[in-house]
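Novice: Fold the following for me, if possible:
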Amino acid sequence: MAVFRSSKPKPEPAPAIHSLLGKDITIKGEVHTGAKSFRVEGIVEGIIHSTGEVSIASGGLVKGTIFAKHLVVTGRAEGIMKITDCLEIHGTGYVEGDVEVGSLVVDEGGTLQGVCVRKDQAGKLDTNGVAKGGSLPTPKVPDPDHRKTDVKR
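Specialist: Residues are numbered from 1 along each chain as shown. You can find the predicted model right below:
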């Protein structure tokens, strides 16, 4: 009898959803999930703290602040997001606000509106809080009192 073994590792199963906020539910305040996954189908107004994955389903809305390892958005997120690993914005997803990420994936149709800074670049901001090299230079405005211009002879 022959035994066949594959040298390929088995693919990891999709992570189980440990906590679910149903579509008819609204939470105002703070949500702490630890390393467990959290799926939002309803509305969260406040802060989500997670060291695992947070997913916002189509029709779901989070207004506030999200601290997570991984964030998947097919619904809507508005506010401040600090994501240590990856932010994924799927085709129906909409993210608006200030975002700090380890990496970013935006599918066709997904929207990111606001400021996005890569985590290792977050400390490299100018005095106005804008990422260096991340914006267009402002044009110089001519001096309205042109008589003060130094002329060398």
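Novice: Report pLDDT for residue 21.
Specialist: pLDDT, residue 21: 88.
Novice: how much space between residue 100 and residue 72?
Specialist: The gap separating residue 100 from residue 72 is 17 Å, by C-beta to C-beta, to the nearest Å. Yep, even glycine has a C-beta here, placed from its N, CA and C like the rest.
Novice: make that residue 19, sorry
Specialist: Taking C-beta to C-beta as the measure, residue 19 falls 14 Å from residue 72.
Novice: can you check residue 118 too?
Specialist: From residue 118 over to residue 72 (counting by C-beta to C-beta), the distance is 18 Å.
Novice: who has more neighbours, the two?
Specialist: More crowded of residue 118 and residue 72, by other C-beta atoms under 10 Å: residue 72, with 20 against 15.
Novice: what's near enough to touch that one?
Specialist: 53-56, 88, 90 (C-beta atoms under 8 Å, 6 or more residues apart in numbering).
Novice: Then residue 30?
Specialist: By C-beta under 8 Å, 6+ apart, residue 30 lies in contact with 46-49.
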